[in-house]
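Colleague: Okay, sequence plus prediction incoming.
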There are 2 protein chains.
Amino acid sequence: MARRLGGQTAELTAKIGLVAYASAVGKKEGEGPLGRGFDRVFEDSYLGQDSWEKAEVALIQSAFDGCLNKAPVGLKRPDAVLGGDLLNQCVSSTLALKDSGLPYYGLYGACSTMAEGLALAALLIDSGSLRSACALTGSHFCASERQYRFPLEYGGQRTPTAQWTVTGAGAVMLAAGRTGARVTHVTTGRIVDAGITDAANMGAAMAPAAFDTLTAHFQDTGRDFDDYDAVFTGDLGAIGHDILQDLLQKDGRSPGLKYYDCGVLIYDLKTQDVHAGGSGCGCSAAVLTGHILPAMERGVWRRVLFAGTGALMSPLTCQQGFAIPGVCHAVAIERED
Amino acid sequence: MARRLGGQTAELTAKIGLVAYASAVGKKEGEGPLGRGFDRVFEDSYLGQDSWEKAEVALIQSAFDGCLNKAPVGLKRPDAVLGGDLLNQCVSSTLALKDSGLPYYGLYGACSTMAEGLALAALLIDSGSLRSACALTGSHFCASERQYRFPLEYGGQRTPTAQWTVTGAGAVMLAAGRTGARVTHVTTGRIVDAGITDAANMGAAMAPAAFDTLTAHFQDTGRDFDDYDAVFTGDLGAIGHDILQDLLQKDGRSPGLKYYDCGVLIYDLKTQDVHAGGSGCGCSAAVLTGHILPAMERGVWRRVLFAGTGALMSPLTCQQGFAIPGVCHAVAIERED
């Protein structure tokens, strides 16, 4: 049984291990600072498919297959899969999973989907209804650009606050009663609307949600940055990262050098022409599975807070004058062995 | 703790009650056979807003507010909300909830969202991480038509197999340790691709998924139609309803007069010009909250299986030649008192 710690946080008392994980990314991500950590790097932006949307499907399938291949014997077929993505009606995760024959819960957490999936998978295993579950998501730069902004052929100029949607995917298998890295706490995010209306400044739109969830997590658990070896936000990018640091410092917290953002880590912001950094469901999913969990396995960090962030917008809500609300779900991952 | 019964089903051992629920619908639904059961009927298709998408937001808010109003003292603020909808990036549920200040999990189950939300809410309460949760969803005919098919102004002719997206919303509050109607079993659906490519024949696309989930539920629980007072599918419509009956009969099961489809119930198919019947997230959500649960409260039925159905497609996947996979999540609801 999970133990409810406060308004938004549950502590998992069962041992729910992250028993396998895999990542798949595109060429640009492979050339970035974390490039060597990813399981698969696809040089061809189409992944051999005839559309970018089909390429996104193939990318998610690659991460899913990689995760199943690495899973221990007896866990090759999870009891359920929890997934979602950015394409309209979450079709890339659906199509990636449609031939799996596995029970499936579709999620929509925008770029926070990996954290949402991990959180729900851990809680469902904790409830006893599942013994194992796979959380997965992904995104593709070219498919996202034409859906959310402009067709690439249009050659629109990007503003300095814009972020680059990561071409990447990640899949994580969780199972009951396993040693190694495990989910210990889940903090469910609230929707926070900071009034940002610029769809090219999502870091600013999401940072207040990240602040809200981190604050709730620390209040509910009695922890602070000192209790973690590293704290990761999903895809605030350079601007959102700085806004969150400001918000935290004004609130009396000192993130120091322990706070990272996956959108800042995945690219070299000076040389890779990605403006404010990475974004997209694939951003935190690929960094979790290609950087954070491998580093935990090597003993670099033992206690990590993974706080996926999402901008809950669509082109239509921007056209109709709505601001862009953000959400952030946080999952504490620890290893004791 | 939930008890895992088989491949797809969990039995909830804790008493997780449906303590409050509310519905809100449009004029056409108010004029239908179930019209008198809905909490709110809005004559104005815009609900006083300046766009149909904003009207969908207002509709979901109406159901949510109605549910909170009817909730017992002490349950006016659920520990979390689980919601989703059909609009791109699930924005109507997000916008309806953004000022609530409540922890939120975004779902995408297409028209099965109410069943998915009920299932996950019940399992999360069972895990101990939440004491109460609200599942909600909705849809709006005019907003859906212009997103999925044609602008209404175009005046396109509808095929006989087409279904009419319900303008409606429903919200259900679940809480631990409550008497009355409660969730007893959850059967998680698998994605089933029957190869249907006609986006105007979603009943045919979803019926095989409903068959798959009902079969799994009956196998896992050892139950059959005889064990239920009534079994409801979400929005197969008249054509999908008949296909499912055929599939069940060929498999040796006799649904008899106990099997209903929410999309058939909500309109008068002879006089309301809706072709094959209702569809959309709001269809099963409004029928559950405006018909099924009130009837259970009156003692008409004591044991019901609610099987939400969803077509996992987008205009883009249809354009790119994909078939339309379906999914169906089933929730058993019983009252003992």
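Modeller: Nice, thanks for sending it over.

Colleague: In terms of helices and strands, where is the closest residue to A:Q49 other than its chain neighbours?
Modeller: Excluding the flanking residues, the one nearest A:Q49 by CB to CB, 6 or more residues apart in numbering or on different chains is A:A55, at 4.7 Å. Where C-beta positions appear, they are placed from N, C-alpha and C, glycine not excepted. Taking DSSP states H and E as the definition, one finds A:A55 inside helix A:52-70.

Colleague: Please name every helix or strand in contact with that helix.
Modeller: Contacts defined by 3 or more CB pairs under 8 Å, 6 or more residues apart in numbering or on different chains; DSSP states H and E place helix A:52-70 against strand A:16-26, strand A:40-42, strand A:80-85, helix A:91-97, strand A:132-139, helix A:141-148, strand A:168-176.

Colleague: Of the ones you listed, give the one that comes closest to A:G308.
Modeller: Of all the helices and strands packed on helix A:52-70, strand A:132-139 sits nearest to A:G308, with 9.3 Å by CB to CB.

Colleague: ok, and does that closest one reach over to chain B?
Modeller: No. Using CB under 8 Å from any CB of the partner chain, strand A:132-139 stays clear of chain B, coming no nearer than 10.1 Å.

Colleague: Give me the distance between that strand and the centre of its chain.
Modeller: Taking CA atoms, centre = their mean, to the nearest Å, the mean C-alpha location of strand A:132-139 is offset from the chain mean by 10 Å.

Colleague: tell me the angle that strand makes with strand A:80-85.
Modeller: 10 degrees (axes from the mean of the first three to the mean of the last three CA atoms, to 10 degrees).

Colleague: Pairing partners for strand A:132-139, with directions?
Modeller: strand A:80-85 (parallel), strand A:168-176 (antiparallel) (DSSP bridges).

Colleague: Go through these and name the closest to A:D44.
Modeller: strand A:168-176 (14.5 Å).

Colleague: got the angle between that closest one and helix A:52-70?
Modeller: If you take the same axes, to 10 degrees, strand A:168-176 sits at 30 degrees to helix A:52-70.

Colleague: Show me how far strand A:168-176 is from its chain's centre.
Modeller: 11 Å.

Colleague: Output it in CSV with nothing but the alpha carbons.
Modeller: Below are the C-alpha coordinates for strand A:168-176, written out as CSV (Å, rounded to 0.1, in the frame of the first residue of the first chain):
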residue,chain,number,x,y,z
GLY,A,168,13.6,10.7,-29.2
ALA,A,169,11.8,8.0,-27.3
GLY,A,170,12.2,6.2,-24.0
ALA,A,171,10.6,3.1,-22.4
VAL,A,172,10.9,2.0,-18.8
MET,A,173,9.8,-1.3,-17.3
LEU,A,174,8.7,-1.4,-13.7
ALA,A,175,8.1,-4.5,-11.7
ALA,A,176,7.2,-5.4,-8.1
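
Colleague: what's the following helix or strand after it?
Modeller: Assignment by DSSP H and E places the next element after strand A:168-176 at strand A:182-187.

Colleague: can you give me the angle that next one makes with strand A:168-176?
Modeller: Going by the same axes, to 10 degrees, strand A:182-187 makes 110 degrees with strand A:168-176.

Colleague: Now do strand A:182-187: everything it contacts.
Modeller: With CB atoms under 8 Å, 6 or more residues apart in numbering or on different chains as the test, strand A:182-187 has contacts from A:2, A:5, A:8-12, A:15-18, A:118-119, A:122-123, A:174, A:213, A:216-217, A:220-221, A:329-335, B:129.

Colleague: Could you tell me which of those belong to helices?
Modeller: Among the contacts of strand A:182-187, DSSP state H puts A:118-119, A:122-123, A:213, A:216-217, A:220-221 in helices.
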